[in-house]
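>>> no FASTA, just this:
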């Protein structure tokens, strides 16, 4: 089976509970479309778990980019403050004060190697995986957001995105979050890492479009 998750944001317990729920095995494949780190403290451990797994593939999210811009070899002016304001302190402290220099280097090298979009064929369907929104611009691929009435970005494939908690697309702020299905686009960010009691981790099985929640 082929699965897709997004925006774990350090919630390691939910991640492991989801793997157990879907009975994830060596014969399955998981795509995580960005934002594994920040806001909750388990992000670095999950990155290391993903790095060690042959059947888990990760895409770049804006939070990984902020981490790379702050701690990578080509630091970007102002990136530390931007990352801090977006919940990066727990990851920053872990990488600097808990991880060894070698572990930190391996993680940053892994992040730098991540693609920012990917196309996956499952049966007779093609899926375009990207963290923010499909675009020709790398910046927009990790930072842009869908809107409720957005037009299908592709005529022949379905885009799957994260980054935007689905409550901002449904307008239902006081209900448990669910996967959002738009015109040729699916948003699977159900709010992990946010303070809302309505947040969940979502997982979409691409073989049959079954939805799972923790």
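On my side now, so go ahead. Here the structure is a predicted model, which is why all the values come from computation and not from measurement.
>>> dead centre of the protein: give me the residue that sits there.
residue 34 (2.7 Å; Cα atoms, centre = their mean).
>>> I'd assumed residue 6 was in contact with that residue.
Yes: counting by Cβ atoms under 8 Å, residue 34 does reach residue 6; the two are 6.2 Å apart. Yep, even glycine has a C-beta here, placed from its N, CA and C like the rest.
>>> what do the two both touch?
Common contacts of residue 34 and residue 6 (Cβ atoms under 8 Å, 6 or more residues apart in numbering): 61, 131, 162-163.
>>> nearest to residue 102 among those residues?
Closest to residue 102 out of those is residue 61 (23.9 Å), distances taken as Cβ to Cβ.
>>> what's the single longest helix in the chain?
As assigned by DSSP state H, the longest helix anywhere in the chain is helix 101-112.
>>> mind giving me the packing neighbours of that one?
Helices and strands touching helix 101-112, as assessed by 3 or more Cβ pairs under 8 Å, 6 or more residues apart in numbering; DSSP states H and E, comprise helix 43-52, helix 62-71.
>>> how far off centre is the first one?
Relative to the centre of its chain, helix 43-52 is centred 13 Å away, using Cα atoms, centre = their mean, to the nearest Å.
>>> ok, which stretches of this protein are strands?
Assigned by DSSP state E, the chain shows strands spanning 2-5, 29-32, 56-58, 117-122, 125-130, 158-161, 180-181, 185-187, 202-205, 210-213.
>>> deepest-packed of the helices and strands packed on helix 101-112, please.
Each of the helices and strands packed on helix 101-112 was scored by mean neighbour count; the highest is helix 62-71, a mean of 24, by mean count of other Cβ atoms under 10 Å.
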